[in-house]
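# Got a predicted structure plus its sequence, pasted below:
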Amino acid sequence: MSWRDRVERLLARLVAASATERLAISLAALFSSILVGTLLVLVAGRMTACSSAAFVLTHPTPFGVPRLFAVGFCYDPIAVYDRLFLGALGDPFSAGWSPRNAQMAVTLRETTVLIFTGLSVAVAFRAGVFNIGTQGQLVVGGFATALTVLAAAPAVSGFVGTLTLIPLGLLAGAVGGGFYGAIPGALKAYADANEVITTIMLNFVATGVVGYLVLNQFKDPTSAATQTRALPSYADFPAVVFDPRSNFSLIALAFGISLIVAVYYLLAHTSFGYDLRTSGLQPEAAEYGGVDAARTVVASFALSGALGGLGGALYVLMILGNYQTGVPAYGFDGITVSILAGNNPVGVGFAALLFGVLKSGTTVVDFATDVPPQLVGVLRGLIILFVAMPEFFRLLGGRMDRVQRRARRLGSTAATDGGEQADDGGDRNE
Amino acid sequence: MSDARADGSPLADRFSKRTGITVAVGVLFVLLAGARLAFPDTIAGDLFAIVTDRTTLGAALRFAVPITLAALGGIFAEKSGVINIGLEGLLIISAFTAVYATDTIAGEGAATQAELWLGLLVGVVASTLLAGLFAVVCIEFRADQIIAGLAVWLIALGLAPFASQVVYDGPNTASVTTPATVTIPVLAEIPFFGALFDASPFVYLMFIAVGLSWYVLNRTAFGRHVRAAGENPKALDTAGVSVSRVRYAAVLLSGVLSGAGGGALALSIGQFTGNGATMVNGKGFIAIVTYLFGNYNPVGAFLSALLFAGLDALQFSLQTVGTGLPSSLVRVIPFVTVILVLALVGRTQIPEAAGDHYESGED
């Protein structure tokens, strides 16, 4: 059984699951991860030392009932999730809340980049290939953007500069990421190299080579950090509605949303999208129908890489204002975003918002509690794990269904017994 | 049936590719030797001196330990039909746990050698538990193996630095004792190959694991069952052996072996470092490539792991010699080699039923 056959079956199974069921599974996975995360916070809270407990697990003591147990924990899981979710939105239930607050801007800023990395992974998945290399494509794309804008900046200035440099920077990011993405695509199509491994290796290569280039060729001589010179201020995305200091532009978010629509349209309503999806689902049938399988693999990898590269371009243009080493793990979060969204472009938008909240909330958690911010990294893995096993939730759901049915039967009269038994039997045959 | 035949590329073709790479490495070696004689003061000349230096072999053996052990685990899992792409995560979790356990067991003073081995054992247990979770998710709940494997990696990538932050208030742990070198008299005196007999006990552990794995896989009933579970689960089921039990055993075994690898990696340095990709830094993924390149043969996997570890040892030596090659670029060499090897070897003879969930007829 080849990798391709496996992917084909996986996708067939994923598509077979109805949209509602997928949504239910994603929500259940999220809830389960939070539950496991809570346990983890409690266990960690017992492992570390603190002067006073942040959270005490005990029982109510009405009417002088003696206290049987009281366990103190150094970390308070409720506070963690409160900060993580409400903190990321700037405390919507507090007085004087405005949707334009600074933390909200951070959340939407992260969401914007995650839309691109999520779409990048989703496009590859739809084509039946795993692109774990979005991180590397983002790094290469962001670096290409920084170099191109730095080179072109002296030629233009002012409003004209903004109008030309931003599209140019985005184009450079897309081209850079696209080419870097095409490499594992070509290796898979023409040399049969397993793309999961090559893309992971190319992530290491991108970080290493770009790190070398920044340090030795393009380093800002006035700075101690490994970073390029700053891009001119007119190459920054203009701030709309939000504070310019928040490094968030609604225009960038709108661009992300328009790309969601574009990718949706491309997949659902164009012949290229049709070829891409059929070679993902039924490679043999696609080939029989005249689709060049090798070219489709390369093209979908290039498209996936270009989307990742655009994410890098936005990260450089909107957030950093130059290129620095130590890029956050947007690419890996993109995998989770896409898997959580069932590789559906529209779902990617919502999953990206959720992860934007998680990423932005991490800084709030770090500031407000002692809980290590790496918790969100664990949640990311847990969500993938739970989404990967829909069978677990189906089983759980089936069991609850049976319990409910039994309870109903116990309450009903003997006359309806036979009918319900038949119902049960039908269920078992599924 | 198998991909090789479906592709129209016969076994001999693939074999020649492997031979080709081996010959290429040999030719490169001879060229380097020539360069050493002709131009003793150039980079190529230096390179030959480094390659034939016994400290390079010693370092290569040390670096090969985690890769080889994880690869052996990967062979068992994949041969049984479960592709374990989460080896990297197993290495990460055991690397942290082994150091943490050693540090905890030792208490205030420095850990003794016995405490260090106990710490390694705890690391193995942690990795086996995570592998057990992976097995349940894949076998019981029919999760996609690739996605579940990625989840195992990402969970460990978050969990180990998280735990380190909780216990040590930073991504890096405290330092613990490192294992004492075991020197075999007389044999250790041999030039170059003496490095084989003057090494960390983990290196000997690796040799034993390679031999045992080969024996178990090829000469025992369990090995036959593992191979059957991956190639023809139906036949195994018909013969009355539970496919899922064999697969559970194989995946747990991959946890044990990777756990030994991760523990050995961290304990031989005496610290777990959890920044970025952690100290494991892709070794689990390199392990996958080594067993693909070694065609699922434990000895082959060891030899290709030694090749990758040798590249790593080489880049360390190159940095100390100072050849003018920037270290950040030299560090990329092993990763590029992985890509080249994969592209040259192409699709490997993956077990027929690998990646598939097996549904037993009865239930």
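Perfect, thanks for sending it.

# A:Ala235 and A:Gly37: what is the separation?
Using CB to CB, to the nearest Å, A:Ala235 is found at 39 Å from A:Gly37. (Each C-beta comes from the backbone N, C-alpha and C, glycine too.)

# So which residues on the stretch 51-200 of chain B come close to chain A?
The stretch 51-200 of chain B has residues B:85, B:137, B:141-144, B:146-148, B:150-159, B:161-163, B:165-167, B:171 near chain A, with proximity defined as CB under 8 Å from any CB of the partner chain.

# now, which of those lie within helices?
Using DSSP state H, the subset of these located in helices is B:146-148, B:150-159, B:161-163, B:165-167.

# Just the element for whichever residue of the stretch 301-430 of chain A sits closest to chain B, please.
Residue nearest to chain B within the stretch 301-430 of chain A (CB to the nearest CB): A:Gly377, separated by 2.8 Å. Element membership for A:Gly377 (DSSP states H and E) is helix A:375-388.

# since we're on A:Gly321, how many residues are nearby?
Neighbourhood size, A:Gly321 [other CB atoms under 10 Å in any protein chain shown]: 17.

# got the contact list for it?
For A:Gly321, the contacting residues are A:Ala230, A:Leu231, A:Ser233, A:Ala235, A:Asp236, A:Asn247, by CB atoms under 8 Å, 6 or more residues apart in numbering or on different chains.

# now the residues you listed: which count as buried?
The neighbour count (16 or more other CB atoms under 10 Å in any protein chain shown) marks A:Leu231, A:Ala235, A:Asp236, A:Asn247 as buried among the contacts of A:Gly321.

# is it possible to export those residues to CSV including distance to A:Glu110 and secondary structure?
Rendered in CSV, the data for the buried ones among the contacts of A:Gly321 read as follows (distance: CB to CB, whole Å; DSSP: H, G, I helix; E, B strand; the rest coil):
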residue, distance to A:Glu110, secondary structure
A:Leu231, 20, coil
A:Ala235, 21, helix
A:Asp236, 17, coil
A:Asn247, 11, coil
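
# Dump those to TSV, plus distance to B:Asn218 and pLDDT.
As requested, these are exported to TSV (distance: CB to CB, whole Å; pLDDT from 0 to 100):
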residue	distance to B:Asn218	pLDDT
A:Leu231	60	89
A:Ala235	62	84
A:Asp236	63	85
A:Asn247	59	83
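
# just those now: which is nearest B:Phe316?
Ranked by distance to B:Phe316 (CB to CB), the buried ones among the contacts of A:Gly321 are led by A:Leu231 at 36.8 Å.

# isn't the closest one right up against A:Thr148?
No. Judged on CB atoms under 8 Å, A:Leu231 makes no contact with A:Thr148 at a distance of 10.1 Å.

# Next, the angle helix B:145-168 makes with the helix holding A:Gly377.
Angle between the axes of helix A:375-388 and helix B:145-168 is 160 degrees (criterion: axes from the mean of the first three to the mean of the last three CA atoms, to 10 degrees).

# and the next helix or strand after helix A:375-388, is it in reach of chain B?
Toward the C-terminal end, the helix or strand that comes next after helix A:375-388 (DSSP H and E) is helix A:390-411. Yes. Applying CB under 8 Å from any CB, one finds helix A:390-411 touching chain B at A:Glu391, A:Phe392, A:Leu395.

# what about the nearest residue to A:Phe130 once chain neighbours are set aside, how many neighbours?
Nearest-residue entry for A:Phe130: A:Val196, 5.0 Å, with adjacent residues in sequence omitted and distances by CB to CB, 6 or more residues apart in numbering or on different chains. When counting by other CB under 10 Å, one arrives at 23 neighbours for A:Val196.

# List the contacts of whichever residue of chain B sits closest to chain A.
Closest approach between chain B and chain A, counting by CB to the nearest CB: B:Gly158, at 2.8 Å. Residues in contact with B:Gly158 (CB under 8 Å, 6+ apart) are A:Gln374, A:Leu375, A:Val376, A:Gly377, A:Val378, A:Leu379, A:Arg380, A:Gly381.

# Tell me what angle the helix or strand harbouring B:Val256 forms with helix B:145-168.
Secondary-structure assignment from DSSP H and E places B:Val256 in helix B:243-269. Here the directions of helix B:243-269 and helix B:145-168 differ by 40 degrees (the same axes, to 10 degrees).

# Buried by neighbour count: which residues of helix B:243-269 qualify?
B:243-244, B:246-269.

# circling back: roughly how far does the closest residue to the residue of chain B closest to chain A other than its chain neighbours sit from A:Ser279?
Nearest non-adjacent residue to B:Gly158, counting by CB to CB, 6+ apart: A:Gly377, 2.8 Å away. Using CB to CB, we find A:Gly377 at a distance of 34 Å from A:Ser279.

# So between the two, which is more surrounded?
The neighbour count for A:Gly377 versus A:Ser279, taken as other CB under 10 Å, is higher for A:Ser279 (29 against 24).

# Look up how far chain B lies from that one.
Using CB to the nearest CB, to the nearest Å, we find A:Ser279 at a distance of 17 Å from chain B.

# How about A:Leu39?
Remark: distance between A:Leu39 and chain B (CB to the nearest CB) = 12 Å.

# How about the longest helix belonging to chain A and chain B, touching?
Looking across chain A with DSSP H, the single longest helix is helix A:158-191. Yes. Using CB under 8 Å from any CB, we find that helix A:158-191 touches chain B at A:Leu187, A:Ala191.

# list the buried ones in that helix?
With the criterion 16+ other CB under 10 Å, helix A:158-191 contains buried residues A:161-162, A:164-166, A:168-189, A:191.

# Likewise for stretch B:162-172?
Of the residues in stretch B:162-172, B:Phe162, B:Ala163, B:Ser164, B:Gln165, B:Val166, B:Val167, B:Tyr168, B:Pro171, B:Asn172 count as buried by neighbour count, 16+ other CB under 10 Å.

# Show the contacting residues for the last one.
When contacts are counted by CB under 8 Å, 6+ apart, B:Asn172 is found next to B:Ser164, B:Gln271, B:Phe272, B:Thr273, B:Gly274, B:Asn275.

# coming back round to it: can you list the buried ones among the contacts of A:Gly321 in JSON lines and add distance to B:Ala199?
Shown next, in JSON lines, are the buried ones among the contacts of A:Gly321 (distance: CB to CB, whole Å):
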{"residue": "A:Leu231", "distance to B:Ala199": "52"}
{"residue": "A:Ala235", "distance to B:Ala199": "55"}
{"residue": "A:Asp236", "distance to B:Ala199": "56"}
{"residue": "A:Asn247", "distance to B:Ala199": "52"}
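
# can you confirm B:Glu108 is in a strand?
No. Under DSSP: H, G, I helix; E, B strand; the rest coil, B:Glu108 sits outside any strand and is assigned coil.

# which element follows the strand or helix carrying A:Gly312 toward the C-terminus?
If you go by DSSP H and E, A:Gly312 is part of helix A:293-314. Once helix A:293-314 ends, the next helix or strand along the chain (criterion: DSSP H and E) is helix A:330-340.

# Now do the buried residues in the helix or strand that that following helix is followed by.
Of the helices and strands lying after helix A:330-340 in sequence (DSSP H and E), the nearest is helix A:345-368. Within helix A:345-368, the residues that count as buried by 16+ other CB under 10 Å are A:345, A:347-366.

# which strands and helices sit next to helix A:345-368?
Helix A:345-368 sits against helix A:19-47, helix A:102-126, helix A:250-269, helix A:330-340, helix A:375-388, with contacts defined as 3 or more CB pairs under 8 Å, 6 or more residues apart in numbering or on different chains; DSSP states H and E.
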